[in-house]
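Visitor: the following comprises the amino acid sequence and a computationally predicted model.
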Amino acid sequence: MNREFRKRDYPTDVLSFPAGTPAGGQAGGLSYGEIAISFDAARRQAAEYGHCAEDEISILILHGLLHLLGMDHETDDGLMSRAERKWRARLGLAAGLIERVGA
């Protein structure tokens with residue numbers, strides 16, 4: 001999916017498809033879009049970071065949802081990172097994706 005939709009030839013853990021994009025369906029209604037999560041990546045990352053796969057999936061859902069809300073950690077000067085940190089704390093989740101890679 002990463003190769004098909006982002007033209008990046010390597011596996012990824014989470015992809016977000018905002019409503020109104022080819023993979024995200026039609027805009028409108030209550031849908032912000034769709035999130036695709038690799039269970040294999042989630043399971044592997046959970047083991048690497050010392051928590052359960054369910055917690056890792058929650059971290060990935062949060063990251064994907066923030067992207068669906070229009071945030072982009074590659075271009076937003078830390079806005080998404082701060083939002084992810086705030087919501088992880090409220091939800092009792094371990095370190096998020098942005099913190100792990102230092103982006």
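Guide: Thanks, I have the structure now.
Visitor: show me where pLDDT drops low in the chain?
Guide: Low-confidence segments of the chain (pLDDT under 70): 1-6, 8-11, 21-29, 96-97, 100-103.
Visitor: contacts for the lengthiest helix in it?
Guide: In the chain, assigned by DSSP state H, the helix with the most residues is helix 53-68. Here helix 53-68 makes contact (Cβ atoms under 8 Å, 6 or more residues apart in numbering) with 13-16, 18, 32-33, 35, 37, 39, 42-43, 45-46, 49, 80, 83-84, 87-88, 91, 93-94, 96-98. Glycine gets a C-beta too; all of them are placed from N, C-alpha and C.
Visitor: next SSE after it?
Guide: helix 79-91 (DSSP states H and E).
Visitor: surely Ser16 and Ile37 touch.
Guide: No: using Cβ atoms under 8 Å, Ser16 is not in contact with Ile37; the gap is 10.1 Å.
Visitor: which of these two has more residues huddled nearby?
Guide: Using other Cβ atoms under 10 Å as the criterion, Ser16 and Ile37 rank with Ser16 on top: 21 against 17.
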